[in-house]
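> Just to be clear, the model below is a prediction. Sequence and coordinates:
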Amino acid sequence: MTQQKPFSLRQAIFARVFPVAVALLILVSLIVIQKLNSEFRRQVQRQVNHRAEGVHLAVQTKVRHAIDACAAIANNDIVINSIVDLEHRKSNLQPFLQSLDFPGMPLNNVAMLSYNGTPIAQKLPHDSRLETLKSWMTSKSNNEAFMAFDSEAFIVGQPVRYGAAVEGALVAVYDSKQLFDDISPNGDSVAIELAFQNQPLTRWNLAALGNSSAESLIPASEPPEGWFMAQFLVQDIDGLVGRVWQSDASAERASHTVQNALVLAVISLSAVLLFAILRTTQFTNNELQHLLSAINAVRSNSSLSLRISSGKTLEFQELKNRFNEMLVEIERTTVSREKYRIPASVAKYTDNLVVVTDARGRIEWVNDSFTRVSGYSLAEVFGKTQQEMLHGPETNAAAARQMSQAIEERLGFDVQILNYSKTGNPYWASIESRPILGDDGEVVSFIAIESDVTERLRLEREKEKLTRETIDLSRQAGMAEVATGVLHNVGNVLNSVNISTNLMCDRWKQSSLPSLSRVVKVLEENQGQLEAFVASERGSQLPEVLRELSLALEDEKQLHLEELRSLCESVEHINHIVQGQQEFARAVTANEAVSAIELVEESLRYNLDGLNIEGNCRDAPIAVEKHFEESGKIFIDRPKVVQILVNLISNAKNSLLDSKVDEAKITLEIHRTKQDCLQILVRDNGVGISKENLTRIFSHGFTTRDDGHGFGLHTCALAAESLGGTLRAVSDGPGLGATFVLQLPVNQVSTQATSQEELSSTSGS
């Protein structure tokens, strides 16, 4: 007997839930359809009953009108007088009856009968239907009205009284079909029939019933199949019966519409239910697959340390928590030695060195990798410690003591130690040793996983050596760059020194001292006759000449003092540059409190001689505009900032000298930004900078001048970065000038200044 293949969880849920749900939907739909069909049929029956009431009222109204009309004629004076007055009967009664016509009433004949039923006068002569009234006239009931129906006529008789005695009767004959013609139904789904004593009088739409035979319809007490029927009796006429039939087509249509809607709803709900079941089972399967994968992982890897994440629902979360707790419990109760035991097949072929020792560190087992690296077989090392077999003269004693102490204290250890092989070759081993516990929780052995890291350490030493060499080369390159920067910055200042020296030489050549020598020579020539010489015309001019000569020499003195002062400042700046580079090499920064305006003014003085008409190759001096916001003093490396600004102003000057602009101008600005930074802008309207050079202009060695070296802006950018700031260039393109923006973090330098002032005050106290 073959075993049946079990269902999956999804198949089981689907097989149990979906058919039952669909069956319930179908059952509910059938119940709803049955209820609605019954309600629809009741509505149609109510419509038939309502229509029968209307037809009944219309028929009874017609009959009552016919009776009242006949009674009105019977009470007419012409009719009454004709009983006793024969002349009147001959001359007036017949014309009166001929002229009678009731509006809306299909009157066929009107007759005046004598007391024995003989016609005296009539509208339609020889009417055989009047013979049926003789028995009524001779009976005792002739005091009351008479009504009779046949297939064609509705006959109404009213007694004619002269005084209190009945002397005759007036009879009206109506066309029965035309009388009730206006109550005919609208539509093929309705049929009406009137019958007197089971004899059909009028029929409307009976063909719609599927049977036009009056004989089969009139006796029927139940409507034909698919039709509803309501019957009524006319109270004024015994034996006058009316029946109204109405088709159940509207109920059928409504029922079919509801059935179609319910079928569509069942299909839609079944689809939604199927989708919900599939989604639910998919979610459940995913959670179970996750749990199953974890179980398989535990089985395949024999790892009880595996844990699975919590589920997305409370049930699966609880299930997975219980599974994790089960793993913890199994891990806690499983023999610890099994947890650390390495399968022999794995340990045999791994590249790592595997050593198993007893609780005192004596070797019990080694793998092939240990034999390959150390040269010792298991037989040679069995019962001995690693310290005895592998340690040598250069083995780190501290690492060896760490190993021995950990074994004595029954603890694991991680060390990196120098071992020696059987042939005496040293090799570095990285050892990770862990204790193995027995059933009683005591350490029964150790397992050590060792890696030969000799090659790795050699590569690390070579890497360290290469790193040191790279650092030395980088330092040398840095020193060369520093030297280049020093030369460049000193060169900028030496230009100012050279200009000041040339100006002093030119002014000494134009000095007024030779004129003083000539005055002295004239005085020496007239030394013996000074009074006469002073009194002479030529001698009287001597005081004025001496006064003018004194003023000229005083002016020369001031000019020379100013140039000497500028020369001293330039030499001092050179000294600061060299000193700053030396301090930079010693990684020492000397900051001082200084105003930003002073820094700009000082930098401008070093370039001022190159901006006037004598100091440049232009026909007009270079104008300088200043827009300074008072920013107070900042604490910063003054020579480094001056070095940056001297370079920027010098570059702006060179840009203007190389341009053909009519009005050369340099604009200097100082202001604070919203980020509380200090910005110093150097703007010119010179040759400008192309878009592609804006990103290269601060690169080492990049220059656009034929006599440039590409060190200045690169050094300035580095200096700005060392100050914690930035240096950037802005230009709309060639011929449109350029702007260099030096930004310094005010908060940072203010903090440094505060610390320095506190240090100074502490030192002073």
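Ah, there it is.

> for the stretch 301-450 of the chain, which spans come out with low pLDDT?
Applying pLDDT under 70 to the predicted model, the residue ranges of the stretch 301-450 of the chain that meet it are 301-306, 310-313, 315, 328-349.

> same thing with the stretch 551-700 of the chain?
Across the stretch 551-700 of the chain, the ranges flagged by pLDDT under 70 are 575-590, 606, 608-619.

> for it, what spans make up the helices?
Using DSSP state H, counting those that start in this stretch, the helices found in the stretch 551-700 of the chain span residues 596-608, 638-657.

> Can you tell me which of those is most buried?
helix 638-657 (a mean of 24; mean count of other C-beta atoms under 10 Å). Yep, even glycine has a C-beta here, placed from its N, CA and C like the rest.

> coming back round to it: and of the helices of the stretch 551-700 of the chain, who's closest to Ala271?
In this view, the helices of the stretch 551-700 of the chain are compared for proximity to Ala271 by C-beta to C-beta, and helix 638-657 is the closest at 77.2 Å.

> returning to that earlier point: among the helices of the stretch 551-700 of the chain, which comes closest to Gly424?
Distance to Gly424, taken as C-beta to C-beta, is lowest for helix 638-657 among the helices of the stretch 551-700 of the chain, at 60.4 Å.

> name the helices or strands packed onto the closest one?
The helices and strands touching helix 638-657, judged by 3 or more C-beta pairs under 8 Å, 6 or more residues apart in numbering; DSSP states H and E, are helix 454-509, helix 542-585, helix 596-608, strand 665-672, strand 677-684, helix 712-722, strand 738-745.

> which helices and strands does the fourth one pack with?
In this case it means strand 665-672. For strand 665-672, the elements it packs on are helix 596-608, strand 623-628, helix 638-657, strand 677-684, judged by 3+ C-beta pairs under 8 Å, 6+ apart.

> Look up the closest residue to Ser659, ignoring the ones flanking it.
Gly686 (4.3 Å; C-beta to C-beta, 6 or more residues apart in numbering).

> Torsion angles phi and psi at the nearest residue to Phe146 once chain neighbours are set aside?
What sits nearest to Phe146 in space, not counting adjacent residues and going by C-beta to C-beta, 6+ apart, is Gly157, at 3.6 Å. Backbone geometry at Gly157, expressed as degrees, to the nearest 10, gives phi -120, psi 140.

> tally of neighbours for Gly157?
Using other C-beta atoms under 10 Å, the number of residues around Gly157 comes to 27.

> now do Arg401
Arg401: 11 surrounding residues under other C-beta under 10 Å.

> helix, strand or coil for it?
Under DSSP: H, G, I helix; E, B strand; the rest coil, Arg401 falls in the helix class.

> wait, what's in contact with it?
Shown here is Arg401, which makes no contacts under the criterion C-beta atoms under 8 Å, 6 or more residues apart in numbering.

> same thing but 10 Å
Gln387 (C-beta atoms under 10 Å, 6 or more residues apart in numbering).

> Now stretch 102-112: buried residues?
By neighbour count, and taking 16 or more other C-beta atoms under 10 Å as the criterion, the buried residues in stretch 102-112 are Phe102, Met105, Pro106, Leu107, Asn108, Asn109, Val110, Ala111, Met112.

> Start and end of it, how far apart?
Across its full length, stretch 102-112 reaches 17 Å between end residues, using C-alpha to C-alpha, to the nearest Å.

> can you map out the strands along the stretch 1-150 of the chain?
The residue ranges that make up the strands of the stretch 1-150 of the chain, judged by DSSP state E, counting those that start in this stretch, are 107-114, 119-122, 146-149.

> Rebuild those as JSON lines, extending it with mean pLDDT and distance to Asn419.
Below are the strands of the stretch 1-150 of the chain laid out as JSON lines (pLDDT from 0 to 100; distance: least, C-beta to C-beta, whole Å):
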{"stretch": "strand 107-114", "mean pLDDT": "83", "distance to Asn419": "144"}
{"stretch": "strand 119-122", "mean pLDDT": "82", "distance to Asn419": "155"}
{"stretch": "strand 146-149", "mean pLDDT": "78", "distance to Asn419": "138"}
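
> With distance to Val522 added, can I get those in CSV?
Compiled in CSV, the strands of the stretch 1-150 of the chain are given as follows (distance: least, C-beta to C-beta, whole Å):
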stretch, distance to Val522
strand 107-114, 177
strand 119-122, 189
strand 146-149, 181
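
> And these: which comes nearest Asn607?
Taking C-beta to C-beta, strand 107-114 is the member of the strands of the stretch 1-150 of the chain nearest to Asn607, at 138.2 Å.

> Just checking: what are the partner strands of the closest one?
In the sheet containing strand 107-114, the strands it pairs with under DSSP bridges are strand 119-122 (antiparallel), strand 165-175 (antiparallel).

> Leaving out sequence neighbours, find the closest residue to Arg434.
Using C-beta to C-beta, 6+ apart and skipping the chain neighbours, the partner closest in space to Arg434 is Gly412 (4.3 Å).

> contacting residues around the one you found?
When contacts are counted by C-beta under 10 Å, 6+ apart, Gly412 touches Ala406, Glu432, Ser433, Arg434, Pro435, Val443, Phe446, Ile447, Ala448.

> biggest separation within those residues, which pair?
Based on C-beta to C-beta, the longest span within the contacts of Gly412 runs between Glu432 and Val443 and measures 16.2 Å.

> In terms of neighbours, single out the busier of the two.
When neighbours are counted by other C-beta under 10 Å, Glu432 and Val443 differ, and Val443 comes out ahead with 20 against 14.

> any idea how far the more buried one is from Glu388?
20 Å (C-beta to C-beta, to the nearest Å).

> mind checking the longest helix of this structure?
Using DSSP state H, we find that the single longest helix of the chain is helix 9-74.

> Distance from stretch 115-127 to the middle of the chain?
104 Å (C-alpha atoms, centre = their mean, to the nearest Å).

> distance between the ends of it?
End-to-end distance for stretch 115-127: 18 Å, by C-alpha to C-alpha.

> in it, what's buried?
Tyr115, Gly117, Pro119, Ile120, Ala121, Gln122, Lys123, Asp127.

> and the residues you listed as CSV, adding distance to Leu291?
Shown next, in CSV, are the buried residues of stretch 115-127 (distance: C-beta to C-beta, whole Å):
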residue, distance to Leu291
Tyr115, 115
Gly117, 111
Pro119, 112
Ile120, 115
Ala121, 114
Gln122, 110
Lys123, 107
Asp127, 106
